[in-house]
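S.K.: Below: sequence and its predicted model.
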Amino acid sequence: MESLPSLASPRHEIGRLENGEMFRDRLAGHVQPLAELPESLSILLVKLVEELATAGVRQGSKNGVIAHLKIGNCKVPCLSTIGNLSVPCQGFSFGSKSKPAFREATQRLLGVAMRRQPLVRLNPEISEQLRSRGSIISRASCGGQPEMFLLISIAFVIAIWFLVFWIQPLAAINLYERLTPNVLYRVRVNLPIVALSFDDGPHPTFTPQVLNVLQRYDAKATFFLIGERALLYPELVAQIKAAGHQVGNHYYQNAPTFGHSDAQFLSYLQQTEKAVGLAEEPKLFRAPGGVAWPRQLKLARAQGYKYALGCAYPNDPMHPPVWYIAWLVKKNLAPGAIIILHDGISDATRTIQALPEILHSGRQRGIRFVSIGELMVASRQT
């Protein structure tokens, strides 16, 4: 018996017809002796290659016709004479070069609509016969409905992530507050006040610009300062305090806290407290990037800190457009909201450009901008 090529790559030649020669007998010699194959599949293989061969002759193909096996996601050694055959869950597939005549031939043979690279799929009855005769096929690892469900699930998760990350509906804050009750996202007040906060400073260029804009609009804010930067620019720390703003602890380095031991975390927390001169109550802490281990937050609470995040964060370190920064903050300007912006990033130009529009919009709506500490005091009084 003449051997055929092993099936080792995604598409493999199982028969070549040159100069119009029919391979019916040669193909049948490979298919018919296989006891595992139903007779209907053997006949179909022969008919399919013969039809494609006829189409190739009509097209004047110099190289003849090549019939291919379509590779699925799993392999089973059910055609041992030919080699390892890969099959999708829904059955075997064959194809040909995407010429119109080939598509017409396979459509006539099986009555199926062909796609860009035509695939002829056996009917479910033949596929079921193969599975019942020992072909080991795992539906969990093969194509079909599980993959479609997985794709839909992934798309849904991405859509939710996009909604929460970039649109930040206030309704999502309810879930955050339930999951992390010790984190401050907003403050319940009956007064038209919101809190401004700025992270990663002090910065020698951008912090003074922010202070000037706040002064023009008679707005107050909380500045979460990096300890080592506060030591570099003590005059800016003094300027922030002199303008009536609150300072908060933003850790000693602008880096994640995850790799730090408890002792190192406490040391950095205390060094920053000393560097920024944090004496007033309530003491506020916000970790770099807004995330820290639960045990670290517990340590901070033991030192008298309240962990404060916010509910309006336009991701300004990613340098989004000015209109987006202003839009997201204005959208979430509700009484008790906490706004997170940055004055200590590499380029805070867009944040500073959006700030007047935010403050002007709030003023038109009768909203006053205060520090987080003042917002918490107002909540206790009401």
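M.R.: In hand now; what should we look at? Residues are numbered from 1 along each chain as shown.
S.K.: In the stretch 51-200 of the chain, where is pLDDT below threshold?
M.R.: Residue ranges of the stretch 51-200 of the chain with pLDDT under 70: 51-145.
S.K.: at 90 instead, please
M.R.: Counting by pLDDT under 90, the low-confidence segments of the stretch 51-200 of the chain come to 51-172.
S.K.: contacting residues for the nearest residue to Q246 once chain neighbours are set aside?
M.R.: Excluding the flanking residues, the one nearest Q246 by CB to CB, 6 or more residues apart in numbering is S371, at 3.9 Å. All C-beta spots, glycine's among them, are computed from the backbone N, C-alpha and C. Residues near S371 by CB atoms under 8 Å, 6 or more residues apart in numbering: A195, L196, S197, K220, A221, T222, H245, Q246.
S.K.: Next step: those restricted to strands.
M.R.: A195, L196, S197, A221, T222, Q246 (DSSP state E).
S.K.: Format those residues as JSON lines; extra columns: neighbour count and distance to A159.
M.R.: What follows is these, written out as JSON lines (neighbours: other CB atoms under 10 Å; distance: CB to CB, whole Å):
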{"residue": "A195", "neighbour count": "29", "distance to A159": "30"}
{"residue": "L196", "neighbour count": "30", "distance to A159": "31"}
{"residue": "S197", "neighbour count": "26", "distance to A159": "29"}
{"residue": "A221", "neighbour count": "25", "distance to A159": "34"}
{"residue": "T222", "neighbour count": "26", "distance to A159": "33"}
{"residue": "Q246", "neighbour count": "23", "distance to A159": "37"}
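S.K.: a markdown table please, covering those and showing distance to L231.
M.R.: Converted to a markdown table, the ones in strands among the contacts of S371 look like this (distance: CB to CB, whole Å):
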| residue | distance to L231 |
| --- | --- |
| A195 | 26 |
| L196 | 24 |
| S197 | 21 |
| A221 | 21 |
| T222 | 20 |
| Q246 | 19 |
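S.K.: for those, which one is nearest W293?
M.R.: Nearest to W293 out of the ones in strands among the contacts of S371 is S197 (CB to CB; 22.0 Å).
S.K.: so what's that closest one closest to, chain neighbours aside?
M.R.: Distances taken as CB to CB, 6+ apart place T222 nearest to S197, at 4.5 Å, with adjacent residues excluded.
S.K.: From what I see, that neighbour and N249 are in contact.
M.R.: No. Look at T222 against N249 with CB atoms under 8 Å: they stay out of range, at 10.6 Å.
S.K.: Next, show the common contact partners of these two.
M.R.: Shared contacts of T222 and N249, defined by CB under 8 Å, 6+ apart, are found at L284.
S.K.: Going by neighbour count, which residues in the helix or strand in which L269 is found are buried?
M.R.: Counting by DSSP states H and E, the element that carries L269 is helix 262-276. Across helix 262-276, burial judged by 16 or more other CB atoms under 10 Å covers F265, L266, Y268, L269, Q271, T272, E273, A275, V276.
S.K.: what does the average pLDDT come to for it?
M.R.: The average pLDDT for helix 262-276 rounds to 97.
S.K.: same for that helix, what does it pack against?
M.R.: Judged by 3 or more CB pairs under 8 Å, 6 or more residues apart in numbering; DSSP states H and E, the packing partners of helix 262-276 are strand 221-225, helix 227-232, strand 246-249, helix 294-302.
S.K.: okay if I get the ones you listed as a markdown table plus mean pLDDT and distance to T349?
M.R.: What follows is the helices and strands packed on helix 262-276, written out as a markdown table (pLDDT from 0 to 100; distance: least, CB to CB, whole Å):
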| stretch | mean pLDDT | distance to T349 |
| --- | --- | --- |
| strand 221-225 | 98 | 18 |
| helix 227-232 | 98 | 19 |
| strand 246-249 | 97 | 23 |
| helix 294-302 | 97 | 32 |
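S.K.: for the ones you listed, which one ends up most surrounded?
M.R.: Of all those, strand 221-225 carries the top mean neighbour count, a mean of 28, counting by mean count of other CB atoms under 10 Å.
S.K.: C-alpha coordinates for it, CSV please?
M.R.: Taking C-alpha atoms only, strand 221-225 is exported to CSV below (Å, rounded to 0.1, in the frame of the first residue of the first chain):
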residue,chain,number,x,y,z
ALA,A,221,-8.1,70.5,49.1
THR,A,222,-6.2,67.7,50.7
PHE,A,223,-2.6,67.1,49.4
PHE,A,224,-1.4,63.6,49.8
LEU,A,225,2.4,64.0,49.9
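S.K.: contacting residues around the helix holding L269?
M.R.: Identification of contacts with helix 262-276 by CB under 8 Å, 6+ apart yields 225-228, 230-231, 237, 247, 249-253, 257, 260, 278, 283, 285, 295-296, 299-300, 303, 305.
S.K.: Out of the ones in strands among the contacts of S371, which is nearest to T207?
M.R.: Out of the ones in strands among the contacts of S371, the member with the shortest distance to T207 (by CB to CB) is A221, at 11.0 Å.
S.K.: List the contacts of that closest one.
M.R.: A221 sits next to A195, L196, S197, F198, V210, L214, H245, Q246, F369, S371 when contact means CB under 8 Å, 6+ apart.
S.K.: got it, and L309?
M.R.: Residues near L309 by CB under 8 Å, 6+ apart: V183, L184, Y185, R286, G290, I338, I340.
S.K.: same question, L163
M.R.: Residues near L163 by CB under 8 Å, 6+ apart: P169.
S.K.: try 10 Å
M.R.: Going by CB atoms under 10 Å, 6 or more residues apart in numbering, L163 touches P169, A172.
S.K.: Need the CA coordinates for stretch 244-258. PDB is fine.
M.R.: C-alpha atoms of stretch 244-258 as PDB (Å, rounded to 0.1, in the frame of the first residue of the first chain):
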ATOM      1  CA  GLY A 244      -5.400  76.600  54.500                       C
ATOM      2  CA  HIS A 245      -5.100  73.100  52.800                       C
ATOM      3  CA  GLN A 246      -4.800  69.800  54.500                       C
ATOM      4  CA  VAL A 247      -1.900  67.400  54.100                       C
ATOM      5  CA  GLY A 248      -2.200  63.600  54.000                       C
ATOM      6  CA  ASN A 249       0.300  60.700  54.100                       C
ATOM      7  CA  HIS A 250       1.000  59.200  50.700                       C
ATOM      8  CA  TYR A 251       3.800  57.000  51.900                       C
ATOM      9  CA  TYR A 252       7.500  57.700  51.800                       C
ATOM     10  CA  GLN A 253       8.200  56.500  48.300                       C
ATOM     11  CA  ASN A 254       6.000  56.700  45.200                       C
ATOM     12  CA  ALA A 255       6.100  52.900  44.800                       C
ATOM     13  CA  PRO A 256       3.900  49.900  45.700                       C
ATOM     14  CA  THR A 257       3.900  48.800  49.300                       C
ATOM     15  CA  PHE A 258       3.300  45.100  48.500                       C
END
